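> Using only what follows, build the 3D model:
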Amino acid sequence: MFDIDAPSDASPVSRGALPWFRRPPVCRFALRRFPVRHLPVRHVGSIAALIVILLLPAAAPAQSSGARPAYGAPGYALTAVDPLAHTIDDIVRPTLASQAIPALTVAITQNGHRRYFTYIGGAGPRIERDTIVEIGSITKVFTTALAAEAASAGQMSLDAPMQQYLPQLRLSDCAARVTPLQLADFTSGMPTLPDNAPAALRNRGIDNYTERDFLQWIAGWNPSVDGRCTTPAHYAYSNASVGLLGHMVANATGTPWRELVAQHITLPLGMVDTAMDVPAQHRNRLAQGHGPLGAPAMPWPVFAWFAAGALRSTPQDMLRFGEAALGMPQVDGHRVPDRLTQALRTAMSPIYQPDGKPFLQAMSWAVRPATSAPGSVPVTLKDGGTDGFNSVLVISPDTQVAVFVVANKAQSGVPGLGVAIARAIPAAARSTLATQ
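Prediction:
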């Protein structure tokens, strides 16, 4: 089952802008219970008229001041034929079933017009637009944006030896030559995780394996191979490298990483639910994650390399970030700082193609060129995975579309869904989206 959710408050016509009697009705529409697409064409018009009649009484007065908006409310009269809904449905349903995903949400924006599609694979709660989820490694593109912005401001050089930004450490001769850019594009030679980190996830949290432990490991790290220092190294995805980059940006700017994220990204974009920690009063909005076999997963710990994967966010916040990545000048009425627009553009620019890989590597982003399929467009993306969640943010500059997909089950194939959705939205559906 899935629900078609409404454009957000960023839509040209916001919920609060209309008197209650002119507001769109609240509805939930389950395709598997009412398979309109399989009806004979002669019946579709009658069914659509019946739906409109049934929906008219659902209009409700405005909520009292300060109340959270009612979610799951379409911002338009739901019709029997919705090209975008059917496109999303056809892509998502096979994976939802084959992977036994408890809940999954697809969030889409084009030119600031947003729609949300929430799926459940069982009886569990939905991931609504304001549900808080773990975004894992999507955190990395926040860090690389901060690094690009610091470079633009003259606070650091992406090509300088990293020893310059780690004055408290004495690095090996080879490690000292590694640059911030090599940390960001995975050519530093650094392993995925510190080899002295605890094996058990429950013991890896920053309270047990501290930032000091992490930096001591960095001090002893030597990327030399057979006594030779080869930098840049071959592509090797690394959480540790972007975690270290976060420390270096903090040192270069004199501001802790989490404060940089807030000051330069989340506060300017109105991303009120994106942070490392969730306040107690909002923990009721945290989604429960599930492991690859479906068992409930423990919350993802904050690691000493937190700049690589510690953030939690919501689908609506990730669309705000996606709109900034598309280069939009405003997000929800907030002016996107020019420095952030330029930093995201820099971080998303392709640098090289890893050997044997079908993508171009940027500063933690991956760029997939257009395929030979009709209508295919290049997309830029970053995926995230924790022990309980799988997510992806896909940016399509050619169509001005951003897609965020999240499932509350690990290793559930979400990145492929995001790319397929971004490329498969037909022209008719884009038109429908843009008029909401």
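> contacting residues around the residue nearest to the spatial centre of the chain?
The structure's the chain has its C-alpha centroid closest to Leu393; by C-alpha atoms, centre = their mean the separation is 4.0 Å. Residues in contact with Leu393 (C-beta atoms under 8 Å, 6 or more residues apart in numbering) are 138, 141, 318, 321-322, 325, 381-383, 402-404, 418. No exception for glycine: its C-beta is placed from N, CA and C like everyone else's.
> for those, which one is nearest His264?
Phe321 (12.1 Å; C-beta to C-beta).
> Look up how far Thr118 lies from the closest one.
Applying C-beta to C-beta, to the nearest Å, the value for Phe321 to Thr118 is 20 Å.
> ditto for Gly333
Taking C-beta to C-beta, one finds Gly333 at 25 Å from Thr118.
> which of the two has more neighbours?
Applying other C-beta atoms under 10 Å to Gly333 and Thr118 shows that Thr118 carries more neighbours, namely 24 against 10.
> what bridges to that one?
The partner list for Thr118 in beta bridges (DSSP bridges) reads Asp3, Thr105.
> and it, how far is that from Arg129?
Taking C-beta to C-beta, one finds Thr118 at 8 Å from Arg129.
> For the closest residue to Gln353 other than its chain neighbours, name its beta-bridge partners.
Leaving aside its sequence neighbours, Gln353 sits nearest to Leu360 (C-beta to C-beta, 6 or more residues apart in numbering; 5.1 Å). For Leu360, the beta-bridge assignment (DSSP bridges) gives partners Val367.
> got a pLDDT number for Leu39?
Per-residue confidence at Leu39 stands at 40 (pLDDT).
> what do you get for the one 5 residues further on?
For Val44, the pLDDT comes out at 41.
> And for the one 3 residues further on?
Ile47 is assigned a pLDDT of 41 by the prediction.
> Which parts of this structure are strands?
2-4, 103-110, 113-120, 133-134, 312-313, 330-331, 334-335, 360-361, 366-368, 379-385, 390-396, 401-407 (DSSP state E).
> possible to save those as TSV with distance to Trp305 and mean pLDDT?
Formatted as TSV, the strands of the chain follow (distance: least, C-beta to C-beta, whole Å; pLDDT from 0 to 100):
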stretch	distance to Trp305	mean pLDDT
strand 2-4	36	39
strand 103-110	27	95
strand 113-120	32	94
strand 133-134	15	98
strand 312-313	16	98
strand 330-331	29	96
strand 334-335	30	95
strand 360-361	19	98
strand 366-368	20	98
strand 379-385	14	98
strand 390-396	19	98
strand 401-407	22	97
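> Would you reformat these as a markdown table and include distance to Gln216?
Converted to a markdown table, these look like this (distance: least, C-beta to C-beta, whole Å):
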| stretch | distance to Gln216 |
| --- | --- |
| strand 2-4 | 49 |
| strand 103-110 | 40 |
| strand 113-120 | 45 |
| strand 133-134 | 27 |
| strand 312-313 | 28 |
| strand 330-331 | 40 |
| strand 334-335 | 41 |
| strand 360-361 | 29 |
| strand 366-368 | 31 |
| strand 379-385 | 27 |
| strand 390-396 | 32 |
| strand 401-407 | 35 |
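> Which one, of the ones you listed, ends up nearest to Thr230?
Across the strands of the chain, closest to Thr230 is strand 360-361 (C-beta to C-beta), at 17.5 Å.
> Tell me how far Thr266 lies from Arg320.
Taken as C-beta to C-beta, the span from Thr266 to Arg320 is 9 Å.
> okay, those two: which has more neighbours?
Arg320 (31 against 21).
> Enumerate every residue touching that one.
Ala10, Leu269, Gly270, Met271, Val331, Asp332.
> Distance-wise, check the third one relative to Thr314.
Taking C-beta to C-beta as the criterion, Gly270 is separated from Thr314 by 12 Å.
> Please identify which of those two sits among more neighbours.
More neighbours surround Thr314 than the other of Gly270 and Thr314, with 27 against 17 (other C-beta under 10 Å).
> neighbours around the nearest residue to that one once chain neighbours are set aside, how many?
The shortest distance from Thr314 to any non-neighbouring residue, by C-beta to C-beta, 6+ apart, is to Asp273 (4.6 Å). A count of nearby residues for Asp273, using other C-beta under 10 Å, gives 22.
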